[in-house]
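# got a predicted structure plus its sequence, pasted below:
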Amino acid sequence: MEAVVGARSTLALALFSLLFLLSRSSAQQFNIVNAERRIDLTSHIVKVFLTLKVENVGTEPASEILLAFPPTQVNHLASVEALATTGKRKKKTYVPLIVTPTELPDGPNGTKYFTISLANPLNSGETTTLEVLYLLTHSLEPFPAEISQSESQLVFYKDGAMILSPYHVKQQTTLIKTPSTRVESFTMVEPTNRVGTELKYGPYEDRAPYSCSPIIVHFENNNPIAVVEELVREVEISHWGSIQVREQYRLVHAGARHKGVFSRVEYQARPSLSGVSSFKHLLARLPPRVHSVYYRDEIGNISSSHLRTDSRKSELEIEPRYPLFGGWSATFVIGYGLPLQDFLFESPDGRRYLNFSFGCPLADTVVDKLTIKVVLPEGSKDPSSVVPFAVEQHLETKYSYLDVVGRTVVVLEKKNAVPVHNVPFQVYYTFKPIFMLAEPLMLASAFFLFFMACVAYLHIDLSIRK
């Protein structure tokens, strides 16, 4: 027994040492010749554009480059994308690259990593330029945490003046864009310059791996912080010609909490000064050719909505029953119908598949928990889904009118969903057309039995006379 335990310990130590050596060799394989980072704080979804010119200073070709993130940012990462660029200006081309999370044992202070896989190995002495975009949610913290109806909303953002990198960085610059010129304070890390709505940190030269200079920017941001705490989208397929969609929202304003008494008179009399960070309306981008649209809550139908449709898109502008200030929430339901032929197709192998949009239809919102339920027709077999990013999925069974064995439901779940996740996904299944006759035959049989029972009742003599 002790020998087995000793062997396992030796194997674990060997694997740990191998990972350590691989990470160390990877860090020594590259230098970052130039890095430019642009941080866009104009929305509550923080967009970070990172341009890296990477040089292979090792002796062998390499095909993987590491991105490092502090643990506080990893918890708020919604999306990481990378492109390789070739050419210059108008002749520049972009090649999408695969980005995957990676566990390395020697990350200082809990640093987390993502690996960018190059399309072609980078030979010794060669350079390549990478364009990286990552999105952060829940990264703007209101300060003060409570404001009155007439006050502006102030938030602060925490980051570093230099990028966190496992490689030596020869030169780097960070540019931060704020939504307005009102900046209460910001951390100075020389050289630092501010012009209008833009802060510039750097350039900094010859920085060692994992160099860090924390900064805080405190600024005005009156954009509503729309967070959907939970969204459940149910897409029900009927082979009789339609798709019914029902979306249940639990929406909250995650900005500075409202304090004091709300005055609707002041809110309507001075809309440009009173409640400038509140929700005045919401825009839902729906698929084209929608019909039978409704918008309601627990009380009933809400009439303050406007629908605009054309052949390419549909936009539903909705107004809540009351304006949403910081800390306030609302629950409501949006439903609509769609023509079946626009979203249901047949694959070459004979399977049917639904091609629908993932994500949240509401513009510029973060969804903490998104659940999509695709209800397949009764009798469907072998369901499978194709989603371009990682999601949790499982199967359920739903019973509806005239169902016997129930309908298969494909459930897809994702946390921290943002607008970039509004991309098509597919759900495949097999279905025999004979099952379409099940419900009509059940109805016909029920009417026939009822008719025969009525005939029998009329012809039976139930009297007690002889």
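Arrived safely, thanks for sending.

# could you give the bridge partners of the most centrally placed residue in the chain?
A centroid search over the chain (CA atoms, centre = their mean) returns Ala417, at 2.0 Å, as the residue closest to the centre. Note on Ala417: beta-bridge partners Val367, judged by DSSP bridges.

# so it makes contact with Thr371?
No - under the contact definition of CB atoms under 8 Å, Ala417 does not touch Thr371, with a separation of 10.3 Å. All C-beta atoms are positioned from the backbone trio N, CA, C, and that covers glycine.

# any weak-confidence spans in the chain?
Along the chain, segments meeting pLDDT under 70 span 1-28, 272, 402-404, 434-439, 441-442, 462-466.

# hang on, the earlier thing: look up how far Arg233 lies from the residue nearest to the centre of the chain.
Ala417 is 11 Å from Arg233, where distance means CB to CB, to the nearest Å.

# for Val455, same thing?
Noted for Val455: a distance of 48 Å to Arg233, by CB to CB.

# of those two, who's got more company?
For Val455 versus Arg233, neighbours defined as other CB atoms under 10 Å are more numerous around Arg233 (22 against 10).

# which helices and strands does the helix or strand in which that one is found pack with?
In the assignment (DSSP states H and E), Arg233 maps to strand 226-238. Under the contact criterion of 3 or more CB pairs under 8 Å, 6 or more residues apart in numbering; DSSP states H and E, the helices and strands touching strand 226-238 comprise strand 242-253, strand 352-357, strand 366-375.

# please identify the most buried of these.
Taking mean count of other CB atoms under 10 Å as the contact definition, the stretch among the helices and strands packed on strand 226-238 with the greatest mean neighbour count is strand 366-375, which reaches a mean of 21.

# how about the closest residue to Val183 other than its chain neighbours, phi and psi?
Counting by CB to CB, 6 or more residues apart in numbering, the nearest residue to Val183 once its immediate chain neighbours are dropped is Phe219, at 4.6 Å. Main-chain dihedrals, Phe219, degrees, to the nearest 10: phi -150, psi 170.

# test my guess that Phe219 contacts Pro179.
Yes - in terms of CB under 8 Å, Phe219 counts as a neighbour of Pro179; the distance is 7.5 Å.

# picking up where we left off before, contact partners for the residue nearest to the centre of the chain?
Taking CB atoms under 8 Å, 6 or more residues apart in numbering as the contact definition, Ala417 lies against 78, 358-360, 366-367, 370.

# measure it to Val80 for me?
From Ala417 to Val80 the distance is 14 Å (CB to CB).

# distance of the closest residue in space to Thr42 that isn't next to it in sequence from Val155?
What sits nearest to Thr42 in space, not counting adjacent residues and going by CB to CB, 6+ apart, is Pro179, at 4.4 Å. With the distance defined as CB to CB, Pro179 ends up 10 Å from Val155.

# more neighbours, these two?
Shown here are Pro179 and Val155; by other CB under 10 Å, Val155 has more neighbours (25 against 17).

# shouldn't that one be within a helix?
No - going by DSSP: H, G, I helix; E, B strand; the rest coil, the assignment for Val155 is strand, not a helix.

# for it, list each beta-bridge partner.
Pro142, Phe219.

# for it, what are its contacts?
By CB under 8 Å, 6+ apart, the contact set of Val155 is 140-143, 218-219, 221, 255-256.

# skipping its backbone neighbours, what lies nearest Val387 in space?
Skipping the residues right next to it in sequence, Val387 comes nearest to Phe425 by CB to CB, 6+ apart, at 4.6 Å.

# and the host helix or strand of that neighbour, which strands flank it?
Using DSSP H and E, the element containing Phe425 is strand 424-430. Note on strand 424-430: by DSSP bridges, its sheet partners are strand 352-357 (antiparallel), strand 381-386 (antiparallel).

# tell me which other helices or strands the next helix-or-strand element following it touches.
Next helix or strand after strand 424-430 toward the C-terminus (DSSP H and E): helix 438-459. Where contact means 3+ CB pairs under 8 Å, 6+ apart, helix 438-459 is not packed against any helix or strand.

# from the chain's centre, how far out is helix 438-459? Work that out for me.
Relative to the chain's own centre, helix 438-459 is displaced by 52 Å; criterion: CA atoms, centre = their mean, to the nearest Å.

# using CSV, list the CA coordinates for it.
This file holds the C-alpha atoms of helix 438-459, laid out as CSV (Å, rounded to 0.1, in the frame of the first residue of the first chain):
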residue,chain,number,x,y,z
ALA,A,438,-51.1,11.3,-33.6
GLU,A,439,-53.0,14.3,-32.2
PRO,A,440,-55.6,14.5,-35.1
LEU,A,441,-56.2,10.8,-34.7
MET,A,442,-56.7,11.2,-31.0
LEU,A,443,-59.2,14.0,-31.5
ALA,A,444,-61.0,12.1,-34.2
SER,A,445,-61.1,9.0,-32.0
ALA,A,446,-62.5,11.0,-29.1
PHE,A,447,-65.2,12.6,-31.2
PHE,A,448,-66.1,9.1,-32.7
LEU,A,449,-66.3,7.5,-29.2
PHE,A,450,-68.5,10.5,-28.0
PHE,A,451,-70.7,10.1,-31.1
MET,A,452,-71.1,6.4,-30.5
ALA,A,453,-71.9,6.9,-26.9
CYS,A,454,-74.6,9.4,-27.8
VAL,A,455,-76.1,7.0,-30.4
ALA,A,456,-76.0,4.1,-27.9
TYR,A,457,-77.7,6.3,-25.2
LEU,A,458,-80.5,7.3,-27.6
HIS,A,459,-81.2,3.7,-28.6
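
# one step back: please produce JSON lines containing the helices and strands packed on strand 226-238, extended by distance to Val183.
Output for those, formatted as JSON lines (distance: least, CB to CB, whole Å):
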{"stretch": "strand 242-253", "distance to Val183": "23"}
{"stretch": "strand 352-357", "distance to Val183": "37"}
{"stretch": "strand 366-375", "distance to Val183": "24"}
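
# in what helix or strand does Pro203 lie?
When the helices and strands are read off by DSSP H and E, the one containing Pro203 is strand 198-207.

# give me the sheet partners of that strand and which way each runs.
Note on strand 198-207: by DSSP bridges, its sheet partners are strand 168-177 (antiparallel), strand 192-195 (antiparallel).

# I'd like to know which of the ones you listed is closest to Tyr201.
Nearest to Tyr201, of all the strands paired with strand 198-207, is strand 168-177, at 4.2 Å by CB to CB.

# ok, then the element right after that closest one?
From strand 168-177, the next helix or strand downstream (DSSP H and E) is strand 183-186.

# next up, the contacts around Arg246.
For Arg246, the contacting residues are 233-234, 236, 333-335, taking CB under 8 Å, 6+ apart as the criterion.

# beta-bridge partners for it, please?
Applying DSSP bridges to Arg246 yields these beta-bridge partners: Glu234, Gly335.

# for the nearest residue in space to Ser263 that is not next to it in sequence, what are its contacts?
Spatial nearest neighbour of Ser263, excluding adjacent residues (CB to CB, 6+ apart): Gln149 at 6.5 Å. Applying CB under 8 Å, 6+ apart to Gln149 gives the contacts 258, 260, 262-263, 266-267, 274-275, 325.

# Val228 versus Val217, what's the distance?
In this structure, Val217 and Val228 are separated by 26 Å, where distance is defined by CB to CB.
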